[in-house]
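# Generate a structure from the sequence data that follows.
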Amino acid sequence: MANRHDILADRLNAEPAIFKGCSSSELGAIVGVAALVWLPVSLILAGLAGALTMGFGIAGIGIVATVLAMASLFQRLKRNRPDGYYQQRIVLWLDGRGLKRSPFVRRSGAWDIGRTNHGTLPLRDR
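Numbers count the residues shown, from 1 in each chain. Predicted coordinates:
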């Protein structure tokens with residue numbers, strides 16, 4: 001049992017990577033967005049060409065290509081970064097544009113505890 005660390009779990013608090021560093025929930029989101037984009041576009045293009053059923057094949061190829069491309073992009077974004085890094089970056093980006101409020105503190109400058117000195121004597125006068 002010299003290599004006990006080999007059998008211990010590495011990521012207990014995070015979803016395991018399934019494909020190219022993406023978890024199953026990330027892959028599900030990529031597939032869902034890709035399907036929402038590719039199905040209507042490919043069906044319209046195939047319908048204009050007169051072969052409506054061919055649109056499903058085009059959509060399938062487009063979805064697979066999108067999953068491969070986005071998984072590779074996420075793999076590069078996540079490299080040497082902590083878990084949840086890019087989710088936080090997206091939330092901060094949306095907050096910066098006023099689209100979604102961020103749960104993170106985004107204040108710069110001097111902080112104050114909110115107390116005033118009114119009604120109390122300074123320490124030297126006590």
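# what's around Ile63, how many residues?
Neighbourhood size, Ile63 [other CB atoms under 10 Å]: 21. C-beta: built from backbone N, CA, C; applies to glycine.
# can you confirm it is in a strand?
No - counting by DSSP: H, G, I helix; E, B strand; the rest coil, Ile63 is not found in a strand; it is helix.
# Could you double-check that it lies in contact with Leu36?
No - the pair Ile63 / Leu36 is not scored as a contact, 10.0 Å apart, by CB atoms under 8 Å.
# Okay, and the residue nearest the centre of the chain sits in which element?
Geometric centre of the chain, nearest residue: Gln87, 3.3 Å, by CA atoms, centre = their mean. Secondary structure from DSSP states H and E places Gln87 in helix 85-96.
# Check which helices and strands that helix sits against.
Packing partners of helix 85-96 (3 or more CB pairs under 8 Å, 6 or more residues apart in numbering; DSSP states H and E): helix 54-78.
# Sweet, I'm off.
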